[in-house]
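Novice: here is my input, please return the structure:
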Amino acid sequence: MRKRKTAFLLAMVMAVTALSGCSKSGKETEAQTEAANAATTAAGTEAAKEGTAKTESEKPYAGVTLKYWVRLYPSVSSTVANQGETKWAQTVEEKTGIKLEFIHPTAGSEDEEFSVLVASGEYPDIIEHTWTKYSGGASAAISDGVILNLNDIMESKAPNLSTILKEHPAVDKMVKTQEGDYYCFPFLRGLETPNKNLFSSGMVVRKDMLDKLGLSLPETIDEWETALRAFKNEGVEVPFTTRSEWMREVWCPGFDNWGDFYVEDGVVKNGLIEDSRKTYLTKMNQWYEEGLIDRDYLVADKASCQTYFTTGKSAVTYAPGGQGLGTYTQIMHDANPEITDQSIVSTVPVTSTKGKNAKFSKMNQIFDGSGSSAAISTQCKNVDAAAWLLDWMYSEEGALVNSFGIEGESYTLKDGAPVFSEMITNNPDGLTMERALGIYTRVGAGPRVQDESALEQTYFLESQKEALDLWMKTDMGKYVYPPATVSNEDSDKFSNIMSNIKTYSDEMEAKFIAGTASMDEWDNYVKQMKTFGIEDAISMKQAAYDKYMAN
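Specialist: A predicted model of the protein is given here:
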């Protein structure tokens, strides 16, 4: 009789969610989503009772299969074709009893294929996405009938995550919609600000060349200018280069400028139209003309930066601590053993005032728009199983599997703390540390809390460990705009404004730096930015910020 009741409830879920997948707006959709949520929870509760009555098992949903839509990160795809083939996924299945069928979008087309997925109205059980970037925010994803409101589920089915959020109210606020609703099992870069997980990249500098030139590690724009000119005079072809998307974020903090939304004393601002932006662009144009920065920076990428730096074509770059500072040092040491981790180092973020923390710098947030989190779709066939699995990721056991893998294989316990084994640090099959981690641990984003000690252990050079401490010398945390999204009614207007702003500012700033547009055009440029609506966008972000802070 109980099985018949459960089957009936699940049939209700399928019928209701089929309707919710076709309807995409209004109170009707909200009612359908609520009905789907209630029916699915009822069915899952009934199934859970059966499992408990049978075995009292630690694997209450053993045998359940869940379909999981998620990006396949390069460190994984370089070794296997599907996440399910990794030791990490196999360990998750062993520990939980739940089978995961991973669905991966095509690399490089994740956003486009996500849009196709949403438009199709047919969803897998779990979808991993950066929901703060969903048009209209996560609230819209709920009202569109794509994902479930998790309020009831968080209260009754997610004890591990709920405990974490109760103990860290600032983080709890981050992972809710404007309306105060839970919607995902979040990717969290630690739980306190600041922490080392928030900083993943910084300057990479040829200190051996600075020593030869009698120069100390630069901090301010003037000191960097002196160093770059000295490198140029020493015969370095392109003193500074970095990936195109990072060029502006590196140098504008030296002028107390930030080219995005930020908050100062409760007031939302955008540095793109501030006078300090003009000062920054004027200096970049000067450096461009002198050849101190890469004139091809608009097309620079990871590969070109590595080639430039490791062949001595450049002496400074901005890069990650692992694939940049660590990899470059190893490559150059292999070619010339006299080059060590003391020859290539990092330094503090560029500051306007020597000896003081940079006001701004490239910095992640604990929860922000650069990492995907897992949501349960409205068409999930076993909501309780999905919630249990995702919440398990925040348990002590799940956290160890996510961050360190398999005890006795990829890590051991030393004085009670997990330590990576040579399977990771010196892989017997010749895998790089990055690829070994991709096989044994949960790399990239996903439902988990990043472990600071795991990050530190992947940095095996002293220069890398020192870099982590140096990159934290910033006050960015005081000014960073929180993960607050504009209201649903403003979302379309805001998206249109920012699309025009990004296209126009990218184009004009490139022209200002290259000198194909005179800085005498600055006032007209700012006027056009205002015509596009940047001030309206700031007002919308202010309203979103005020509501976020009031929650």
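
Novice: hang on, isn't residue 321 packed against residue 469?
Specialist: No. Using CB atoms under 8 Å, residue 321 is not in contact with residue 469; the gap is 11.3 Å. Using the backbone N, CA and C atoms, a C-beta is placed for each residue, glycine as well.

Novice: those two: which has the busier surroundings?
Specialist: Neighbours were counted for residue 321 and for residue 469 using other CB atoms under 10 Å; residue 321 has more, 25 against 12.

Novice: which ones are touching the more buried one?
Specialist: Counting by CB atoms under 8 Å, 6 or more residues apart in numbering, residue 321 touches 200, 201, 202, 346, 459, 464, 467, 468, 471.

Novice: filter those residues down to just the ones in strands.
Specialist: In strands, defined here by DSSP state E, the members of those are 201, 202.

Novice: closest to residue 403 among the contacts of residue 321?
Specialist: residue 459 (14.6 Å; CB to CB).

Novice: burial count for the closest residue in space to the closest one that isn't next to it in sequence?
Specialist: Counting by CB to CB, 6 or more residues apart in numbering, residue 465 is the residue found nearest to residue 459 once chain neighbours are left out, at 5.4 Å. Number of residues near residue 465 (other CB under 10 Å) recorded here: 14.

Novice: against residue 511, how distant is residue 465?
Specialist: Residue 465 sits 41 Å away from residue 511, going by CB to CB, to the nearest Å.

Novice: same question, residue 375
Specialist: Distance from residue 375 to residue 511, by CB to CB: 41 Å.

Novice: neighbour-wise, which of these two wins?
Specialist: Per other CB under 10 Å, whichever of residue 375 and residue 511 has more neighbours is residue 375, with 30 against 16.

Novice: give the helix, strand or coil label for the more buried one.
Specialist: strand (DSSP: H, G, I helix; E, B strand; the rest coil).

Novice: show me where the stretch 351-500 of the chain has its helices.
Specialist: Counting by DSSP state H, counting those that start in this stretch, the stretch 351-500 of the chain has helices at residues 383-392, 396-404, 422-425, 433-440, 452-458, 462-471, 476-479, 488-514.

Novice: before we move on, the earlier item: can I get the contacts of residue 321 in TSV with pLDDT, distance to residue 336 and neighbour count?
Specialist: Formatted as TSV, the contacts of residue 321 follow (pLDDT from 0 to 100; distance: CB to CB, whole Å; neighbours: other CB atoms under 10 Å):
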residue	pLDDT	distance to residue 336	neighbour count
200	91	27	20
201	95	25	24
202	97	23	26
346	98	20	25
459	93	22	19
464	96	19	21
467	97	21	26
468	95	26	20
471	97	27	25
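
Novice: quick one: contacts for residue 538?
Specialist: Residue 538 touches 261, 268, 269, 270, counting by CB under 8 Å, 6+ apart.

Novice: out of those, who's nearest residue 251?
Specialist: residue 270 (17.8 Å).

Novice: give me the distance between that closest one and residue 529.
Specialist: In terms of CB to CB, residue 270 sits 9 Å off from residue 529.

Novice: over to residue 196?
Specialist: Residue 196 is 36 Å from residue 529, by CB to CB.

Novice: where does residue 205 fall, secondary structure wise?
Specialist: strand 201-206 (DSSP states H and E).

Novice: can you map out the helices along the stretch 101-250 of the chain?
Specialist: 110-120, 137-143, 151-157, 159-167, 169-174, 207-213, 221-233, 247-251.

Novice: please point out which parts of the first one sit buried.
Specialist: With burial defined by 16 or more other CB atoms under 10 Å, the residues of helix 110-120 counted as buried are 110, 113, 114, 117, 118.

Novice: redo these as CSV? Include pLDDT and distance to residue 151.
Specialist: Below are the buried residues of helix 110-120 laid out as CSV (pLDDT from 0 to 100; distance: CB to CB, whole Å):
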residue, pLDDT, distance to residue 151
110, 96, 28
113, 98, 29
114, 98, 24
117, 98, 24
118, 98, 22
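
Novice: right, and residue 113 touches residue 107 too?
Specialist: No. Assessed by CB under 8 Å, residue 113 is found out of contact with residue 107, at 10.2 Å.

Novice: now stretch 513-520: average pLDDT?
Specialist: Across stretch 513-520, pLDDT averages out at 98.

Novice: straight-line length of that stretch, end to end?
Specialist: 13 Å (CA to CA, to the nearest Å).

Novice: please renumber the chain so that the first residue is 9 from this point on.
Specialist: Happy to do that; since the first residue is 9 now, the last one works out to stretch 521-528.

Novice: what does that stretch contact?
Specialist: 286, 289, 290, 292, 293, 296, 297, 303, 516, 519, 520.

Novice: which one of those residues is nearest residue 135?
Specialist: residue 516 (36.9 Å).

Novice: residues in contact with the closest one?
Specialist: 525, 533.

Novice: what residues of stretch 342-359 count as buried?
Specialist: Counting neighbours by 16+ other CB under 10 Å, stretch 342-359 gives 347, 349, 351, 352, 353, 354, 355, 356, 357, 358, 359 as buried.

Novice: ok, now stretch 299-308?
Specialist: Buried, per 16+ other CB under 10 Å, within stretch 299-308: 300, 301, 302, 305, 308.

Novice: hang on, the earlier thing: now tabulate the helices of the stretch 109-258 of the chain in CSV and tack on distance to residue 86.
Specialist: Listed next are the helices of the stretch 109-258 of the chain as CSV, based on distance: least, CB to CB, whole Å:
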stretch, distance to residue 86
helix 118-128, 17
helix 145-151, 31
helix 159-165, 35
helix 167-175, 31
helix 177-182, 32
helix 215-221, 31
helix 229-241, 34
helix 255-259, 27
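
Novice: shaky segments in the protein?
Specialist: 9-64 (pLDDT under 70).

Novice: all strands of it, in order?
Specialist: With DSSP E as the criterion, the chain has strands spanning 73-77, 107-111, 134-137, 195-196, 209-214, 248-250, 269-272, 275-278, 324-328, 352-353, 381-384, 419-422, 425-428, 456-457.
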